[in-house]
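Asks: Structural data only, the sequence is not supplied:
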DNA sequence: GCCAACGTTGGC
DNA sequence: GCCAACGTTGGC
């Protein structure tokens, strides 16, 4: 008896990117109880540095302005309160992971997308059906020393890091072993 | 400053 | 639905 192959053609939501498929599905999947996940966000230090975050009240900021669906899904579906997040300085010398943050508030609508005067304005994102989301990040501590991109690239255990493989994304997942490798590196002299 | 790698947009 | 044109990111 032939197996009836009924491919249900579920229409993808307009904001798409099915979270149940693709190479990064695991970091969006439901968690074991108490499981903690790890992430990396990029920022140009001239625009917003880790020190600038440390100087803010509560050392906390809204991580707004993300306008890429994959990155959005990492924030909206993947990030949970208490997750740890590497803070990476991009487009600077040297490019490096500088410090650690934590997710202080889970995803909520990115209000900058509703603001006509804001450069992140997106007319397709409506307050009653938002396209874009942000989280709150709170600085936890600087790394003992920055871990540079060159060093990350030179470390075999980090060869599969999402930040290398999907390099231009501003939000990427970090595996627990990658997290440990990087924090250990930062405790050793360069 | 250049350019590779993507993502998005729009004509057909 | 394809693909060329264009914009953005970010390493170098």
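Replies: Structure received. All values reported here derive from a predicted model rather than from experimental measurement.
Asks: Identify the residue nearest the geometric centre of chain A.
Replies: residue A:171 (2.8 Å; C-alpha atoms, centre = their mean).
Asks: my guess is it meets residue A:38, correct?
Replies: No. Between residue A:171 and residue A:38 there is no contact under C-beta atoms under 8 Å: 11.8 Å. C-beta: built from backbone N, CA, C; applies to glycine.
Asks: check contacts around the residue nearest to the centre of chain A.
Replies: Residues near residue A:171 by C-beta atoms under 8 Å, 6 or more residues apart in numbering: A:39-42, A:63, A:66, A:71-72, A:74-75.
Asks: For DNA strand C, see how far away it is.
Replies: Going from residue A:171 to DNA strand C by C-beta to the nearest atom of the strand, to the nearest Å gives 9 Å.
Asks: Residue A:32 too?
Replies: Taking C-beta to the nearest atom of the strand as the measure, residue A:32 falls 30 Å from DNA strand C.
Asks: List phi and psi for that residue.
Replies: Backbone torsions for residue A:32, taken as degrees, to the nearest 10, come to phi -70, psi 160.
Asks: number of nearby residues for it?
Replies: Close neighbours of residue A:32, defined as other C-beta atoms under 10 Å, add up to 6.
Asks: And for residue A:136?
Replies: The local packing of residue A:136 (other C-beta under 10 Å) involves 19 other residues.
Asks: related to what we said a few turns ago, for the residue nearest to the residue nearest to the centre of chain A when sequence neighbours are not counted, give me its contacts.
Replies: Nearest residue to residue A:171, sequence neighbours excluded (C-beta to C-beta, 6 or more residues apart in numbering): residue A:71, at 4.1 Å. Contact partners of residue A:71, counting by C-beta under 8 Å, 6+ apart, are A:169-172.
Asks: circling back: next, work out how far apart the residue nearest to the centre of chain A and residue A:87 are.
Replies: Separation of residue A:171 from residue A:87 (C-beta to C-beta, to the nearest Å) stands at 11 Å.
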